[in-house]
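Q: I would like the atomic coordinates for the input below:
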Amino acid sequence: MADFEARKLDELDHRTDDASAPEVFFTSVITPESLVVAYHALGAKTEGKVAIKIHSGESEKSNNLNPALVKDLVQEIGGTLVECATAYDGNRETPEKSLAVFKERGYADIAPIQIMDMGGEIEIPVAKHRHIAYDIVGKHIDDYDSIFVLSHFKGHPMGGFGGALKNVSIGIASSNGKRWIHSAGVATDRWVEADQDDFLESMAEADEAVISHMHGNMMYLNVMNRLSVDCDCFPTPSEPDMHDIGVLSSLDPVALDQACVDLIHVAPDGASVTERIASRHGEHTLEYAEELGIGSRSYRLTVLD
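A: This next block holds a predicted model:
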């Protein structure tokens, strides 16, 4: 790691030396091998039948994680790649179309694939809530003993940023569940936009529901490359105007996403993504997730380089 980047790590807002804080592992190297290293750094293994939650991208121009980059990690874990259909018109609006996109992009060459809401959905409770008393997820979540959340961290036009928490909340929700979260518990059959903070809080509540449903048997890894202000659901996202940062992993999704946000803030070329996060009040998701007890915004950073 360059000395300049190493100095920047000391400036991360929520980094701490408190031994009780969750650990986040970081490497500035983005290769198939470094993803496996970041996984093993967690010191734990996924249990039983494993779902690997990943995003296929809306089109070939999307900035989603390339199958060649994640292949070694996916096969080391030995899980099934999972996703749910979208809540908007496009290439992935039904489970069948979503599965076809995965196959077209080459993901079927590296692992089995399941669209979790193919065949239906279930409601799972939210323990503490302001907006949604339950989350609506693909019913095949119950086929798995644990979930490995493999996320491409980037900006997002609605949430400010997309990382582990969004990959769990919106990503594991069925089409109806996505509309439910976006509307903050108003509708499942039509698109209703809630007040921004209500939407962000509903995402955190959906995270709580999924994590509780899985009894905490979840692990998280974020790849910070192709850092556009737009999400991978965009068929033609804005071209990234900042450098790739690295790979981070943690057993705490709040700490993981907070560390990624902090890295954007200290990046010398991170102005556009920083503005996108701030303009959408994106860090409120992290604030409320911490309030719900999902994780901690403070973290210890261990550099693997």
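Q: hang on, residue 11 in a strand?
A: No. Counting by DSSP: H, G, I helix; E, B strand; the rest coil, residue 11 is located in no strand; its state is coil.
Q: So which residues of the stretch 1-150 of the chain form helices?
A: Using DSSP state H, counting those that start in this stretch, the helices of the stretch 1-150 of the chain run over 3-9, 32-41, 67-77, 95-104.
Q: Looking at those helices, spot the one closest to residue 55.
A: With CB to CB as the criterion, residue 55 lies closest to helix 95-104 of those, at 10.0 Å. Quick note: C-beta positions are derived from backbone N, CA and C, even for glycine.
Q: Who are the packing partners of that closest one?
A: Helix 95-104 is packed against strand 80-83, strand 113-115, with contacts defined by 3 or more CB pairs under 8 Å, 6 or more residues apart in numbering; DSSP states H and E.
Q: just those strands: most buried one?
A: Comparing the helices and strands packed on helix 95-104 on average neighbours per residue, with mean count of other CB atoms under 10 Å, the densest one is strand 80-83 at a mean of 24.
Q: Return that strand as CSV; C-alpha atoms alone will do.
A: This file holds the C-alpha atoms of strand 80-83, laid out as CSV (Å, rounded to 0.1, in the frame of the first residue of the first chain):
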residue,chain,number,x,y,z
THR,A,80,-25.3,-21.1,-4.4
LEU,A,81,-25.6,-17.6,-6.0
VAL,A,82,-28.9,-16.0,-5.0
GLU,A,83,-31.0,-13.0,-6.0
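Q: Distance from that strand to the middle of the chain?
A: Counting by CA atoms, centre = their mean, to the nearest Å, strand 80-83 is centred 13 Å from the centre of its parent chain.
Q: what's near enough to touch the residue nearest to residue 213 when sequence neighbours are not counted?
A: Nearest non-adjacent residue to residue 213, counting by CB to CB, 6 or more residues apart in numbering: residue 124, 4.6 Å away. Contacts for residue 124 (CB atoms under 8 Å, 6 or more residues apart in numbering) come out as 134, 135, 137, 141, 209, 210, 212, 213.
Q: ranking these by neighbours, who comes first?
A: residue 135 (29 neighbours; other CB atoms under 10 Å).
Q: From residue 156, how far out is the closest residue in space to that one that isn't next to it in sequence?
A: Nearest non-adjacent residue to residue 135, counting by CB to CB, 6+ apart: residue 209, 3.8 Å away. Taking CB to CB, to the nearest Å as the measure, residue 209 and residue 156 are separated by 20 Å.
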